[in-house]
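S.K.: Let's see this in three dimensions:
(4 chains)
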Protein chains: 2
Amino acid sequence: MSRPSPYRAVKAHVLARIRSGEWPPGTLVPREEDLAETFGCARMTVHRALRELADEGVVERRRRAGTRVALPTTRTAPVEIPRVDREVEAMGASYRYLRLARATEPASPSAAARLGVPEGTEVLRVECLHHANDSPFQLEERWISLDVVPAAREESFADVAPNVWLLERLPWSDVEHVIGATNATRKVAGHLGIEPGEAVLEVERRTWLERRVITYVRFLHPGRFYRLRTAGRPG
Amino acid sequence: MSRPSPYRAVKAHVLARIRSGEWPPGTLVPREEDLAETFGCARMTVHRALRELADEGVVERRRRAGTRVALPTTRTAPVEIPRVDREVEAMGASYRYLRLARATEPASPSAAARLGVPEGTEVLRVECLHHANDSPFQLEERWISLDVVPAAREESFADVAPNVWLLERLPWSDVEHVIGATNATRKVAGHLGIEPGEAVLEVERRTWLERRVITYVRFLHPGRFYRLRTAGRPG
DNA sequence: GACGGTAATATGCCTAGGCTTATTTGGCAA
DNA sequence: TTGCCAAATAAGCCTAGGCATATTACCGTC
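M.R.: Numbers count the residues shown, from 1 in each chain, chains lettered A, B, ... in the order given. The predicted structure follows:
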């Protein structure tokens, strides 16, 4: 599995029993002390192994009740939502950024709701297009809260993507993603070089710093080519 | 943040510095020993705090080089890909399962490729529909490898969803998800009760036990209502 | 100046002990 | 019975030490 190391050995041992079906869901895993004895190691070592398995959702632990094998419910899968430029370059394609629009404007009801600011607050709206090998790859529509990021007022975003600009400037504490599918409007289709009505993958992201929304973005990808990919293993 | 406890305190401390912008990306975090001294705790305690932060991608650690604040790249976000029945019930709706088709058949080239079996191998194909409050919610098309799950040959799947049946029967070691968007074909639209051409969210899942693919599924959701949701925080 | 070996250093991991705390079980009482 | 409380138990967390190992920085050599 990985290089040997007592705690890894314990993890691997327990995982192997579960994988083999020898310990079906609900089975009580031996107590930390017992495992420590059978492996000839300290209890803390076993503790770490079991704790990690619990973090990964493979087992469930409760004081006094012990450790039991969890039901293999299809748990959270780490979806990597990548930075466009990196992703494009990782595909071996050349990346190009194009700003379509930029304006400070009073927040519309929906934008205000998503940014968590009163309606009509002045916010910055940026629209841009990301290309891979000169064909449109992602259309981005973004709102930035000027209360949280006043410096954005001075930035044109003509050459640097808001994404990159923001990440370089300030940390964040929470993100939320919402993934859906919609049909391309005429405008969207025009930008992405597809037919109106074609399915597009829509990823919305809100980013917080402590309690305040920094920015809300909507990414649209031509559904025909683009896919989000995930590979997860429990352990 | 959470209930106090020395290692949590250290984590919170470091995280707070990063969040506040006091330690921008690249900053060298104090050595474990020094933090241990300033917090009046053992080095192992600091070690655990920093290790967890490293696991979460907040910092990067290298022997001899020390611990530094990582670039806040929009990392992996845990997307919960839920069990339909649970999800529907969580919305307070009533869940209904309907099997549309079931057949053992020789694997088509594409099915064979995804299951990792030779073309023409006999596989089980199941098609079903999941309802929320009697309106179609998810269309499922699934292939099951009979080599890995011979017991599936005896199961009609008339009353129990393949999902549930499989999870109750065998463990898995790896999953892969691919999320995309497509336009509903006439057939899909008919089943989901939408117009042909409407955007649908497509989630494909492959599940392995050790090296062998157990099953490959394709879930289709009406794009108009359905969304995948994610909330992540680094820490 | 380029190159290579060596020592210093920070993290990685371990041990063996201890106290703390949630939870369950069993027994006692109403 | 039912309800409540106490004891027992298993995990949670901590300490203070130690050895292992990756990596860098430095220094001497060519």
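S.K.: For chain A, which segments are assigned as strands?
M.R.: A:28-29, A:59-62, A:66-69, A:76-80, A:95-106, A:122-132, A:135-145, A:174-183, A:199-209, A:212-222, A:228-232 (DSSP state E).
S.K.: For those strands, which has the smallest mean pLDDT value?
M.R.: Of all the strands of chain A, the minimum mean pLDDT falls on strand A:76-80 (a mean of 71).
S.K.: Could you list the paired strands of that strand along with their orientation?
M.R.: Here strand A:76-80 is paired, per DSSP bridges, with strand B:76-80 (antiparallel).
S.K.: what about the longest helix seen in chain A and DNA strand D, any contact?
M.R.: Taking DSSP state H as the criterion, chain A has its longest helix at helix A:6-20. No - using CB under 7 Å from any atom of the strand, helix A:6-20 never reaches DNA strand D; the gap is at least 10.9 Å. Quick note: C-beta positions are derived from backbone N, CA and C, even for glycine.
S.K.: what does that helix rub up against?
M.R.: Outside helix A:6-20, the residues that touch it by CB atoms under 8 Å, 6 or more residues apart in numbering or on different chains are A:1-2, A:23, A:29, A:35, A:39, A:41, A:45-46, A:48-50, A:52-53, A:58-59, A:69, A:235, B:171, B:173, B:209-210.
S.K.: which residue packs closest to A:H131, ignoring adjacent ones?
M.R.: Leaving aside its sequence neighbours, A:H131 sits nearest to A:R96 (CB to CB, 6 or more residues apart in numbering or on different chains; 4.1 Å).
S.K.: so how far is A:T207 from A:V88?
M.R.: From A:V88 across to A:T207, the span is 21 Å (CB to CB, to the nearest Å).
S.K.: who's more crowded, these two?
M.R.: Between A:V88 and A:T207, counted using other CB atoms under 10 Å in any protein chain shown, A:T207 has the larger neighbour count: 24 against 21.
S.K.: sorry, back to before: now the strands of chain A as CSV including distance to B:L15?
M.R.: CSV is the format used below for the strands of chain A (distance: least, CB to CB, whole Å):
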stretch, distance to B:L15
strand A:28-29, 32
strand A:59-62, 25
strand A:66-69, 29
strand A:76-80, 20
strand A:95-106, 32
strand A:122-132, 28
strand A:135-145, 22
strand A:174-183, 12
strand A:199-209, 12
strand A:212-222, 17
strand A:228-232, 25
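S.K.: Kindly tell me how buried the residue lying closest to A:F219 once chain neighbours are set aside is, as a neighbour count.
M.R.: Leaving out its chain neighbours, the residue that sits closest to A:F219 by CB to CB, 6+ apart is A:V203, at 4.5 Å. When neighbours are counted by other CB under 10 Å, A:V203 registers 22.
S.K.: Could you verify my assumption that A:V203 touches A:I179?
M.R.: Yes - between A:V203 and A:I179 there is a contact under CB atoms under 8 Å: 5.4 Å.
S.K.: Any idea what A:R102 is bridged to?
M.R.: Beta-bridge partners of A:R102, as defined by DSSP bridges: A:V126.
S.K.: So it versus A:G180, what's the distance?
M.R.: In terms of CB to CB, A:R102 sits 26 Å off from A:G180.
S.K.: So between these two, which is more surrounded?
M.R.: More crowded of A:R102 and A:G180, by other CB under 10 Å: A:G180, with 20 against 17.
S.K.: Quickly list what that one is bridged to.
M.R.: Under the criterion used (DSSP bridges), A:G180 bridges to A:E202.
S.K.: Any figure for the gap between A:E127 and A:R153?
M.R.: 17 Å.
S.K.: Comparing the two, which shows the higher neighbour count?
M.R.: A:E127 (18 against 11).
S.K.: Would you confirm that the more buried one contacts A:E140?
M.R.: Yes - between A:E127 and A:E140 a contact is recorded at 6.9 Å, counting by CB under 8 Å.
S.K.: show me the contacts for the residue lying closest to A:S145 once chain neighbours are set aside.
M.R.: Closest residue to A:S145 apart from its sequence neighbours, by CB to CB, 6+ apart: A:L115 at 5.1 Å. By CB under 8 Å, 6+ apart, A:L115 lies in contact with A:107, A:121, A:123, A:143, A:145, A:213, A:215-216.
S.K.: For ChimeraX, what selects the buried ones among those?
M.R.: Buried residues within the contacts of A:L115, by 16 or more other CB atoms under 10 Å in any protein chain shown, are selected in ChimeraX with:
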select /A:107,123,143,145,213,215,216
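S.K.: tell me the two of the contacts of A:L115 that are most distant?
M.R.: The span of those, defined through CB to CB, is set by A:T121 and A:T215 at 13.9 Å.
S.K.: circling back: so which of the strands of chain A gets nearest DNA strand C?
M.R.: Distance to DNA strand C, taken as CB to the nearest atom of the strand, is lowest for strand A:59-62 among these, at 4.9 Å.
S.K.: could you say what helices and strands the closest one packs with?
M.R.: In terms of contacts (3 or more CB pairs under 8 Å, 6 or more residues apart in numbering or on different chains; DSSP states H and E), strand A:59-62 is packed against helix A:43-55, strand A:66-69.
S.K.: Not including adjacent chain positions, what is the nearest residue to A:N133?
M.R.: Counting by CB to CB, 6+ apart, the residue nearest A:N133 is A:A93, at 4.4 Å.
S.K.: Next to DNA strand D, which bits of chain A? Give me the list.
M.R.: Residues of chain A lying close to DNA strand D (CB under 7 Å from any atom of the strand) are A:29, A:31-33, A:43-44, A:47, A:50-51, A:54, A:61-67.
S.K.: Make a PyMOL selection of the buried ones in those residues.
M.R.: This is the PyMOL syntax for the buried subset of these, where burial follows 16+ other CB under 10 Å:
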select buried, chain A and resi 29+32+47+50+51+61+67
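S.K.: about what we covered before: name all residues that make contact with the residue nearest to A:H131.
M.R.: A:130-131, A:134.
S.K.: swap in A:P4?
M.R.: Neighbours of A:P4 in contact, by CB under 8 Å, 6+ apart: none.
S.K.: Relative to A:H47, how far out is it?
M.R.: On the measure of CB to CB, A:P4 and A:H47 end up 19 Å apart.
S.K.: cool, and A:E202?
M.R.: In terms of CB to CB, A:E202 sits 44 Å off from A:H47.
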